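Visitor: Let me see the structure of the following:
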Amino acid sequence: MSARIAHISDTHLGTNPRRGVRPNVWGQERKSQLLENDFYERFAEIFNRIAELDPPVDLVVHSGDLFNSPWEGNPQQASVMAQNTAISVLQDFIKKTGIPVLIIEGNHGLYRLRDVSILENLKLAVEGVDVATQQDLKWAIREGEPLMFYYDNLDVYCFPFIDYPVLKASQMVDTFNDWISTYQKPDSKRPSVGVAHGMELDKTLYPAIFSMDYDYVALGHDHRQRKVSPKCWYAGSPERWRFDEAGLDKGFLVVDIELNKDPKVTQHKIEFARPVINETLAIDADETKESLTSKVEAWFVEKGLRTSWDPATAARVRLMFEGVSKTASSFELNVALEALQMQVLSTDSEYNIAQFVSRVQQTAGSDVPDGAYPEIESEFLIEDPSTDFKEYLSTLTLDKSVDPDLLTKIAVNALQYAVGTREGKMTVDSVMEGEE
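Guide: Sure thing, here's the model as predicted:
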């Protein structure tokens, strides 16, 4: 017995970067901003390409993060445009092909403090869509039932996102693992797929899943399209969600599955009209505000970005600057870059740039950076605030009684509360969340 599936993930519908973005540029007039619309276009493109596959697939599996919000960085419900796009694309796809779609809940699109799911509305709106939510997972564990779906020639076992600290605080880690081994066993006579949203990095990918001998494991959460083992892949995200994803393979996977054999996985990649550029430039020892601005302008010319505006090809650019200037402070250099940013993103700009963010990061021995960095507010733009703050601490002389790790945790938490990516009040308990 065999089956064929399309594996997609991390579509993040509703992502709308705001920092360093050219103003008043629409992807769909009065409906979505230009860069937000990129995510909608990729979603539609993927389903159009899946619909054209020959032979067709039996099922489309989405392994989490259909929507970008709500999540811990933004508690607001997914935008109307994001929800309408999901509904219209899925309705058209299923009407055209008759192929069912299964979506599990990831850490995005998840109401963390409510026992409801935005995916339930999608299920009600689109016939042929199955969903597995965190509430479904909790119910299955409590009732001692599997969380799985039967299709004509395939069984799919679902593992929606659940935080390891939540399981640990509830003393449910062993119970969860026991539930997996007891109730999520595949039928030895039918092809099986496990679908999960998690990563080893944050302990949300549970090893017990890999002991179940599924014929394929469809993973989400990591935005890199990559092979974990012959039977396990991340599909990655179809659009560049963060700048550090520039240059990564994006698209979806087609998986041909046979019972008790390694699957055949075919990568289907997306070609992008819009470049995303993430580079680091050097700060010279004699760097001035004027020389840094001239350096960036020359870099724009070198990259072919000094050209007439085209919303379809306008670039997204992030530049990081490293080195030590003896003549200009980090603050002065950042102010110069902010002035250049305003010029680049103006309506009469000479540059084909839709987004421009930058940061000067002078190394140990230089002035402490205290400029207002345009990427500080959004996870979409800053990859690792903990590392950044530790690098800052390395420029200081600390008292031996100070714990750098604890100080970093406090600083990162304070930043999250300050810019609104965490709700409530900052307390000792919230700072120490997840600690032994």
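
Visitor: Could you use CA atoms for every contact and neighbour count after this?
Guide: Noted.

Visitor: what's the neighbour count on residue 169?
Guide: When neighbours are defined as other Cα atoms under 10 Å, residue 169 has 12 of them.

Visitor: my bad, residue 407
Guide: When counting by other Cα under 10 Å, one arrives at 15 neighbours for residue 407.

Visitor: dump the residue contacts of it.
Guide: With contacts taken as Cα atoms under 8 Å, 6 or more residues apart in numbering, residue 407 has no neighbouring residues.

Visitor: part of a helix, is it?
Guide: Yes - under DSSP: H, G, I helix; E, B strand; the rest coil, residue 407 sits within a helix.

Visitor: Can we start the residue count at 271 from this point?
Guide: Sure, I'll start numbering at 271, so the last one becomes residue 677.

Visitor: Which secondary structure state is assigned to the spatially most central residue of the chain?
Guide: Centroid check for the chain by Cα atoms, centre = their mean gives residue 511 as the closest residue, at 5.4 Å. Following three-state DSSP, residue 511 is assigned to coil.

Visitor: any idea how far it lies from residue 678?
Guide: According to Cα to Cα, to the nearest Å, residue 511 stands 25 Å off from residue 678.

Visitor: cool, residue 299 as well?
Guide: For residue 299, the distance to residue 678 - Cα to Cα - is 43 Å.

Visitor: same deal with residue 526?
Guide: 46 Å.

Visitor: Point out where the stretch 471-620 of the chain drops to low pLDDT.
Guide: Within the stretch 471-620 of the chain, not a single segment meets pLDDT under 70.

Visitor: need the helices for it, in chain order.
Guide: Remark: helices assigned in the stretch 471-620 of the chain by DSSP state H, counting those that start in this stretch are 559-572, 600-614.

Visitor: Tell me where the stretch 321-470 of the chain is predicted with low confidence.
Guide: By pLDDT under 70, the weakly predicted segments of the stretch 321-470 of the chain are 383.

Visitor: Residue 274: what secondary structure?
Guide: Under three-state DSSP, the three-state class of residue 274 is strand.

Visitor: thinking residue 432 is in contact with residue 404, fair?
Guide: Yes - applying Cα atoms under 8 Å as the test, residue 432 and residue 404 come out as touching, 6.8 Å apart.

Visitor: still on that earlier bit, and residue 631, which of the helices of the stretch 471-620 of the chain is closest to it?
Guide: Residue 631 sits nearest to helix 600-614 of all those, at 7.2 Å, using Cα to Cα.

Visitor: Quick check: buried residues in the closest one?
Guide: Going by neighbour count (16 or more other Cα atoms under 10 Å), the buried part of helix 600-614 is 600, 601, 602, 603, 604, 605, 606, 607, 608, 610, 611, 614.

Visitor: Could you pull up the residues touching the fourth one?
Guide: Just to be clear, that refers to residue 603. Contact partners of residue 603, counting by Cα under 8 Å, 6+ apart, are 558, 559, 562, 630.
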